[in-house]
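K.L.:
just a sequence and a predicted model for now, questions to come.
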Amino acid sequence: METIHKIGRRKTAVARVYVSQGEGNITINKRDLNNYFTTPTLQYKVRQPLMLTENLASYDIKVNVYGGGVTGQAEAIRLAITRALVAINEEHKAVLKPEGLLTRDPRMVERKKFGQKKARKKFQFSKR
């Protein structure tokens, strides 16, 4: 099996994932998964597509991720891994689609408008 390259995005985070045959090592920005994401919740989010398809020890995954915060990065990696697993085996789509892992979360930060304090908040009006 050759290396499969897929991209996942979430908010402003972009993850490039390279999946190849191996024994289950996940490397993110040249650091181990447990070293990069210290909380068990974020580690679970990254491993979730592999656990659902029972491929936890089948593939080596190298990830380059930038932008956003830790949660956005974890969810971008999850989307990219999911896309790679579907590219490897089309039958995984039946397991991953009902969990909502193939959907790119479109929610982004709304831009600030001129004449306002934030995107929707207005400056306080004071009458003297």
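P.N.:
Yes, it's here.
K.L.:
tell me which residues in stretch 102-118 are buried?
P.N.:
For stretch 102-118, the neighbour count (16 or more other CB atoms under 10 Å) marks residue 102 as buried. Using the backbone N, CA and C atoms, a C-beta is placed for each residue, glycine as well.
K.L.:
what's the answer for stretch 44-51, then?
P.N.:
45-50.
K.L.:
now that stretch: how far from the chain's centre is it?
P.N.:
10 Å (CA atoms, centre = their mean, to the nearest Å).
K.L.:
thinking again about what came up before, can the buried residues of stretch 44-51 go into JSON lines with extra columns for distance to residue 9?
P.N.:
Output for the buried residues of stretch 44-51, formatted as JSON lines (distance: CB to CB, whole Å):
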{"residue": "45", "distance to residue 9": "15"}
{"residue": "46", "distance to residue 9": "15"}
{"residue": "47", "distance to residue 9": "19"}
{"residue": "48", "distance to residue 9": "17"}
{"residue": "49", "distance to residue 9": "16"}
{"residue": "50", "distance to residue 9": "20"}
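K.L.:
quick check, nearest of these to residue 110?
P.N.:
residue 45 (24.4 Å; CB to CB).
K.L.:
residue 74 is in contact with the closest one, correct?
P.N.:
Yes - contact criterion CB atoms under 8 Å: residue 45 and residue 74 qualify, at 4.5 Å.
K.L.:
ok, how many other residues are close to the nearest residue to residue 71 once chain neighbours are set aside?
P.N.:
Nearest non-adjacent residue to residue 71, counting by CB to CB, 6 or more residues apart in numbering: residue 42, 6.9 Å away. Counted with other CB atoms under 10 Å, the neighbours of residue 42 add up to 19.
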